[in-house]
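Visitor: Could you work out the structure for the sequence below:
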Amino acid sequence: MSDDPEQFSFRERAAEKAAARAKDEARLLDGSITPAKLSRENGGNLRGRVTYKGPSHRIQRLARKLTYD
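Guide: Alright, predicted model coming up:
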């Protein structure tokens, strides 16, 4: 990227991203990395960070009021 921290170059960033994609594709093709591992490397591993806590108390109260026939 540019040496000046206040100057962002979209062209430079696009070139960096294209180079990274090409590198990732080459690693996948030569078998040096699995698709799952590459996904985790690129930030695709949400399982450890996201938890399901269930419906809110408001939704639970509403569900108790509903009748199912």
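Visitor: Can you list the low-confidence ranges for this protein?
Guide: 1-5, 44-53, 67-69 (pLDDT under 70).
Visitor: do you know how far Ala14 is from Ala20?
Guide: From Ala14 over to Ala20 the distance is 11 Å, taken as C-beta to C-beta, to the nearest Å. The C-beta positions use only the backbone N, C-alpha and C, and glycine is treated the same way.
Visitor: Which element, helix or strand, includes the residue nearest to Ala63 when sequence neighbours are not counted?
Guide: Distances taken as C-beta to C-beta, 6 or more residues apart in numbering put Pro55 closest to Ala63, at 7.4 Å, once the chain neighbours are dropped. Assigned by DSSP states H and E, Pro55 belongs to neither a helix nor a strand.
Visitor: Also the one 3 residues further on?
Guide: Mapping Arg58 onto the secondary structure by DSSP H and E places it in helix 57-65.
Visitor: Distance from the chain centre to that helix, please.
Guide: Remark: helix 57-65 is offset 32 Å from the chain centroid, using C-alpha atoms, centre = their mean, to the nearest Å.
Visitor: Helices along the protein, start to end?
Guide: Here the chain has its helices, by DSSP state H, at 10-30, 35-41, 57-65.
Visitor: Tell me which other helices or strands the first one touches.
Guide: For helix 10-30, the elements it packs on are helix 35-41, judged by 3 or more C-beta pairs under 8 Å, 6 or more residues apart in numbering; DSSP states H and E.
Visitor: mind listing what's buried in the helix it packs on?
Guide: Across helix 35-41, burial judged by 16 or more other C-beta atoms under 10 Å covers no residue at all.
Visitor: ok, now stretch 22-33?
Guide: Asp24.
Visitor: Let me know how buried Arg61 is, in neighbour terms.
Guide: Arg61 has 10 neighbours, counted by other C-beta atoms under 10 Å.
Visitor: Roughly how far does it sit from Leu29?
Guide: 54 Å.
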